[in-house]
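> A predicted structure for the sequence below; I have some questions about it.
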Amino acid sequence: MPQDHPLLSLRSATLVRGGHPVLRDLAFDIRLGEHIAILGPNGSGKSSLIRLVTRQDYPLARADEAPPMLILGQERWDVFELRSQLGIVSADLRHAFTHGEGFGRIKGFEAVLTGFFASLGLFEHQHVTGAMRERARQALALADAEHLAEQRVDTLSTGEAQRVLIARALAPDPFALLLDEPTTGLDLAARHHLLGLLSKLAGLGKTLILVTHHIEEILPEIDRVILLKDGRVFADGRKDEVLRSGSLSSLFGLPVQVTRHGDRYSARS
């Protein structure tokens, strides 16, 4: 992978769905090695941004202008290669594995192996190598999920399934982890353990892009925060500059009081 380009580069990126713009003129770069949080209320465009990055949707392109989005300097990607190298973790993906027809019956180790193919199952045409199996075992260990390798995914708790999916994302050694509201559905203990795991991964140098609407989930390792509102960048900057009561009150449309506790933040209305 080229190292001299931003991980993600957006230049006036606009996404239209159903005849209406859901993302408007997004312009920012995310560098490799940078840990970043993308924060916004429901409907702000966070999920649409994820779909843009994972090539489920495509921004408007104009023939006389530069490409609106580049990933590691490239405009065009093989979708399956890109999705294996972005390390995606989301509630939708977890639901597909635990409730999707046929897929929930695979075991944790097999689910991790699917990360090499960006698929929801293992199929005859896919060649699983010994190196892949070793990487899958290492990823399960890193995610503290070795004990889940032989358990069926549809029997796991929400927190356990999320650990398996993080191992799945890590197995191909992606250049970044893209985490779309990763604590959705987790109880307090599972949420605490998951955020601790993400901090560990950030400390190991894995680029994290955390998409959330909970300020409490922004890890100490994250230095930069982008606020989205109505499909636009509302603010973009250092965490201590962006996570302020006035900014979040305007973002969410109600009085918000931000409190800092060391390297962590919390908010209440």
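Sure thing, it's come through.

> surely residue 234 forms part of a helix?
No: applying DSSP: H, G, I helix; E, B strand; the rest coil, one finds residue 234 to be strand, outside a helix.

> below-threshold pLDDT in this structure: ranges please.
For the chain, residues meeting the criterion pLDDT under 70 lie at 1-3, 63-64, 100-104.

> and the longest helix for it?
The helix of greatest length in the chain, counted in residues with DSSP state H as the criterion, is given as helix 188-203.

> in its sheet, which strands sit next to the helix or strand following that one, and in what direction?
Following helix 188-203 in sequence order, the next helix or strand is strand 208-212 (DSSP states H and E). If you go by DSSP bridges, strand 208-212 pairs up with strand 36-39 (parallel), strand 177-180 (parallel).

> quick one, strand 208-212 and helix 188-203 angle?
Relative orientation of strand 208-212 versus helix 188-203 (axes from the mean of the first three to the mean of the last three CA atoms, to 10 degrees): 150 degrees.

> dump the helix or strand that comes right after strand 208-212 to CSV, keeping only the CA atoms.
Once strand 208-212 ends, the next helix or strand along the chain (criterion: DSSP H and E) is strand 224-229. Coordinates of the C-alpha atoms in strand 224-229 are reproduced here as CSV (Å, rounded to 0.1, in the frame of the first residue of the first chain):
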residue,chain,number,x,y,z
ARG,A,224,-9.1,14.8,16.2
VAL,A,225,-12.9,15.1,15.9
ILE,A,226,-15.0,15.9,12.9
LEU,A,227,-18.6,17.0,13.7
LEU,A,228,-21.2,16.3,11.0
LYS,A,229,-24.6,18.0,10.8
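
> in strand 224-229, what counts as buried?
Within strand 224-229, the residues scored as buried using 16 or more other CB atoms under 10 Å are 224, 225, 226, 227, 228, 229. (Glycine included, C-beta is placed from N, CA and C.)

> these: which two are farthest apart?
Across the buried residues of strand 224-229, the two members that end up farthest from each other (CB to CB) are 224 and 229, 17.1 Å apart.

> what about residue 247, how many residues close to it?
Each residue near residue 247 was counted by other CB atoms under 10 Å, and the total is 19.

> so the helix or strand it falls within versus strand 224-229, what angle?
Applying DSSP H and E as the criterion places residue 247 in helix 245-252. Computed with the same axes, to 10 degrees, the direction of helix 245-252 lies at 40 degrees from that of strand 224-229.

> CA atoms of helix 245-252 as CSV?
Backbone C-alpha positions of helix 245-252 (Å, rounded to 0.1, in the frame of the first residue of the first chain) are rendered in CSV as follows:
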residue,chain,number,x,y,z
SER,A,245,-20.4,22.9,25.2
GLY,A,246,-21.2,25.6,22.7
SER,A,247,-20.2,23.5,19.7
LEU,A,248,-22.2,20.4,20.8
SER,A,249,-25.2,22.5,21.8
SER,A,250,-25.3,23.8,18.2
LEU,A,251,-24.7,20.4,16.8
PHE,A,252,-27.4,18.6,18.7
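
> helices along the chain, start to end?
Listed in chain order, the helices of the chain (DSSP H) span 46-53, 79-86, 91-99, 108-113, 130-142, 158-170, 188-203, 239-242, 245-252.

> quick one: which of those helices is nearest residue 124?
When the helices of the chain are ranked by proximity to residue 124, the top entry is helix 108-113, at 13.6 Å, counting by CB to CB.

> for the closest one, packing partners?
Helix 108-113 sits against helix 130-142, helix 158-170, with contacts defined as 3 or more CB pairs under 8 Å, 6 or more residues apart in numbering; DSSP states H and E.
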